[in-house]
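1. heads up, no residue letters with this:
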């Protein structure tokens with residue numbers, strides 16, 4: 001191969017690599033895989049993993065831009081856009097239930113998760129049940145601020161594990177205020 005061909009191939013590989021990383025979508029981190037495995041061990045026989053992926057900061061910026069454009073007449077869209085800018089990474093694992101005739105996992109599975117994840121420096125935040133949906137949210141604190149949020153949900157046909165990383169203080173405040181307003185308007 002000539003030097004010119006090697007340079008062209010190297011440039012093409014570099015451009016391809018940069019393009020791939022600029023999309024903002026990729027596989028999950030080893031940290032997330034270990035959490036996924038901890039959860040999956042408790043429900044292993046009932047669910048099969050269908051797919052998992054991560055979304056990085058660049059894709060979050062694009063999502064924030066779409067929200068701003070779609071909601072340009074809504075004052076809340078700027079707040080959501082600012083919140084998206086604080087997110088560094090979101091990772092997902094989505095599982096499908098093998099046997100749809102079986103019930104969703106009991107609250108006992110979530111209690112086991114609380115014990116396991118609290119040993120990994122996560123704080124149990126809230127557990128919820130809405131119809132056939134069951135879920136739990138954990139937070140992880142680092143340097144006096146929450147930098148990770150972990151969500152595990154079980155529904156009729158699937159289980160979702162999601163972790164969000166970044167400066168989550170604003171996101172948590174926004175979600176609590178929004179929920180408080182919803183509860184107040186329903187009463």
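-> Thanks, I have it. Fair warning: this is a prediction, and the values are worked out from it, not measured in the lab.

2. Going along the chain, name the helices of the protein.
-> Secondary structure of the chain (DSSP state H): helices at 3-23, 30-43, 57-70, 75-85, 107-118, 169-186.

3. and those, which one's lowest on average pLDDT?
-> Across the helices of the chain, the stretch with the lowest average pLDDT is helix 3-23; it has a mean of 53.

4. Need the contact partners of stretch 120-128.
-> The set of residues external to stretch 120-128 that reach it, using C-beta atoms under 8 Å, 6 or more residues apart in numbering, is 35, 107, 110, 114, 117-118, 134-141, 148-150. All C-beta spots, glycine's among them, are computed from the backbone N, C-alpha and C.

5. buried residues in it?
-> Using 16 or more other C-beta atoms under 10 Å as the burial criterion, the residues of stretch 120-128 that qualify are 122, 124.

6. any idea of the mean pLDDT for that stretch?
-> For stretch 120-128, the mean per-residue pLDDT is 84.

7. Now that residue 27 has come up, it's in contact with residue 53, right?
-> Yes - the pair formed by residue 27 and residue 53 meets the contact definition of C-beta atoms under 8 Å, at 6.8 Å.

8. ok, the nearest residue to residue 174 once chain neighbours are set aside - contacts?
-> The shortest distance from residue 174 to any non-neighbouring residue, by C-beta to C-beta, 6 or more residues apart in numbering, is to residue 83 (5.9 Å). Each residue near residue 83 by C-beta under 8 Å, 6+ apart is listed here: 170, 171, 174.

9. ok, of those, which one's closest to residue 160?
-> residue 171 (18.0 Å; C-beta to C-beta).
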